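In: Just the structure for this:
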Amino acid sequence: MRAALAVGALAVALALAAWRRRRRPLREVLFFPSRPSCTEALLAEAAGPGGEARPCPCPLPRGDSPFSRLLRRLLSAQRSVDICLFAFSSPQLGRAVQLLHRRGVRVRIVTDAQYMGLRGSQIGLLRHAGIQVRHDQEGGYMHHKFAIVDGRTLITGSLNWTTQAIQNNRENVLVLEDAEYVKPFLEEFERIWEEYNPSNYTFFSKDDK
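Out: Residues are numbered from 1 along each chain as shown. Modelled structure (predicted):
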């Protein structure tokens, strides 16, 4: 009888511990640069049915890295991704965002007007794919660097989403699920999204009227 009670108590304790681990808020710090690595398997798996990973002939290493973790967090989106970035030219992250869009995830992007026109920027490709993009129309840079996944996971730090920053720069990214910190970023995104509404753009100065 005692043995049975002990086994039952152990099972309850293990179940409780597992539940607490599942409920523990996400807090992750990523440091860059991240060595070049193959991301084909991650992208294929995230594509859904029919997107099984196929052997990739490229010589790049596989395995865990700061960049693969960032990509995995982004690809975890089920409902929405709001992206607010100064520079976005990483082809892998561009593919991931297009993949999410094709899966039915609502994607919105706010970016800097000057940088989006530079060679290599992913913004034109994303806009062509049907993704909503808005940009600033003012003297200062739109210099934010954050993304919000499903309204609950914040990805922020010094990292621009560029190959140069990912593979060469000393950068940091914080990934967390904490409503106290996510809420202000959500509010900031919505404020900028409305401010950069194309209906508010001006194409002529007052002196030209």
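
In: What ranges does the chain have for its strands?
Out: Here the chain has its strands, by DSSP state E, at 27-32, 80-85, 106-111, 132-135, 145-149, 153-157, 171-176.

In: Quick one: closest of those to residue 66.
Out: With C-beta to C-beta, the closest approach to residue 66 among the strands of the chain belongs to strand 27-32: 4.2 Å. For the C-beta atoms, the positions are set from N, CA and C on the backbone; glycine is no exception.

In: Could you list the residues in contact with that closest one?
Out: Strand 27-32 has contacts (C-beta atoms under 8 Å, 6 or more residues apart in numbering) with 66-67, 69-70, 73, 157, 159, 165-167, 169-178.

In: just the angle between it and strand 153-157, please?
Out: 30 degrees (axes from the mean of the first three to the mean of the last three C-alpha atoms, to 10 degrees).

In: For burial, what's the neighbour tally of the closest residue to residue 32 other than its chain neighbours?
Out: Excluding the flanking residues, the one nearest residue 32 by C-beta to C-beta, 6 or more residues apart in numbering is residue 171, at 4.0 Å. For residue 171, the count of nearby residues is 18 (other C-beta atoms under 10 Å).

In: What's the separation between residue 171 and residue 79?
Out: Distance of residue 171 to residue 79, given as C-beta to C-beta, to the nearest Å: 28 Å.

In: Residue 166 touches residue 90, doesn't it?
Out: Yes. Judged on C-beta atoms under 8 Å, residue 166 makes contact with residue 90 at a distance of 6.2 Å.

In: Residue ranges in this protein under the pLDDT threshold?
Out: Low-confidence segments of the chain (pLDDT under 70): 1-23, 49-54, 203-209.

In: show me what contacts the closest residue in space to residue 196 that isn't next to it in sequence?
Out: Leaving aside its sequence neighbours, residue 196 sits nearest to residue 134 (C-beta to C-beta, 6+ apart; 4.0 Å). Going by C-beta under 8 Å, 6+ apart, residue 134 touches 108-111, 192-193, 196-198.

In: give me that answer again for 10 Å
Out: Contacts for residue 134 (C-beta atoms under 10 Å, 6 or more residues apart in numbering) come out as 84, 108-111, 113, 142, 192-198, 200-201.

In: Most neighbours among these, please name it.
Out: Counting by other C-beta under 10 Å, top hit in these: residue 111 with 26 neighbours.

In: Report the contact partners of that residue.
Out: Contacts of residue 111 (C-beta under 10 Å, 6+ apart): 83-88, 121-123, 126-127, 133-136, 142, 144, 161, 196.

In: can you rerun that using 6 Å?
Out: Going by C-beta atoms under 6 Å, 6 or more residues apart in numbering, residue 111 touches 85, 123, 135.

In: Turn those residues into a markdown table, including distance to residue 62 and neighbour count.
Out: Output for those, formatted as a markdown table (distance: C-beta to C-beta, whole Å; neighbours: other C-beta atoms under 10 Å):
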| residue | distance to residue 62 | neighbour count |
| --- | --- | --- |
| 85 | 27 | 25 |
| 123 | 29 | 23 |
| 135 | 36 | 19 |
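
In: Can you tell me which of those residues lies closest to residue 34?
Out: For the contacts of residue 111, the nearest to residue 34 is residue 85 (17.3 Å; C-beta to C-beta).
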